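Show me how the following folds:
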Amino acid sequence: MDRGHIDFKRLHSLTQLGAFFVVRTRDNMVYRRRYSHPVDQSTGLRSDQTIVLTGKHTDRYYPDPARLIHFVDVEKKLRLSLLTNQFLAPALTIAHLYKARWQVELFFKWMKQHLRIEKFYGYSSNAVKTQIWIAVSTYVLVAILKKHLKLPHSLYTILQILSLTLFEKMPILQAFQAAEPQSDVTHLLNS
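Next up, the predicted model:
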């Protein structure tokens, strides 16, 4: 989670459920260091500490010890302060977990931009996964169709044409002959 989502009461309930979290801390977090663990600074780690929160309400909302890891991401030139309740994993693994969260966010951003999932028809884990896999599979099939038929249209345009001609009985190439290829900029301007 990013620092905008810090809710110590919620983080403590995650801890009580046996789950672990990695969250970027705010600059004004008040805490007391209990112990400093040795780190290899050549990896980007700056410190690995066991702490207790001592803020006005945070000590009441999160009374357990926590782990504070300071890390410098050389690629993005960022200093990260990460709070976690995971004491068994190496500090570098915790830092990499946080960095990996960006890949998940990029995937969801891509999904929002390219897959046409307007609403979920079921909310169980299986229903959501099934609907996402169907949408991804459809997208891949359309990409294969574009390449196989050497269509000059963008994937967005092909998906639009297919959605409009879904129940029409005609050869597939005929559906694309009527539509002229547009640049992505043109269809955005006309939207």
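
Just the buried residues of the helix or strand where Thr157 lies, please?
Using DSSP states H and E, Thr157 sits in helix 155-164. For helix 155-164, the neighbour count (16 or more other Cβ atoms under 10 Å) marks 157-161 as buried. Yep, even glycine has a C-beta here, placed from its N, CA and C like the rest.

ok, now stretch 88-106?
90-92, 94-95, 97-99.

Just the mean pLDDT for the following helix or strand past the helix holding Thr157, thanks.
Downstream of helix 155-164, the first helix or strand assigned by DSSP H and E is helix 172-177. Averaged across helix 172-177, pLDDT comes to 78.

just stretch 37-53 next, same as before
Stretch 37-53 comes out at a mean pLDDT of 93.

give me the low-pLDDT residue ranges for the protein?
1-5, 178-191 (pLDDT under 70).

Report the central residue of it.
Glu105 (2.1 Å; Cα atoms, centre = their mean).

and the angle from the helix or strand that one falls within to helix 155-164?
Using DSSP H and E, the element containing Glu105 is helix 91-114. With axes from the mean of the first three to the mean of the last three Cα atoms, to 10 degrees defining the directions, helix 91-114 sits at 50 degrees from helix 155-164.

just checking, what packs against helix 91-114?
Other elements packing on helix 91-114 under the criterion 3 or more Cβ pairs under 8 Å, 6 or more residues apart in numbering; DSSP states H and E are strand 22-24, strand 45-53, strand 66-73, strand 78-84, helix 125-149.

So which residues make contact with it?
1, 22, 24, 37, 39-40, 43-45, 48, 67, 69, 71, 73, 80, 82, 84, 86, 89, 117, 132, 135, 139, 155-156 (Cβ atoms under 8 Å, 6 or more residues apart in numbering).
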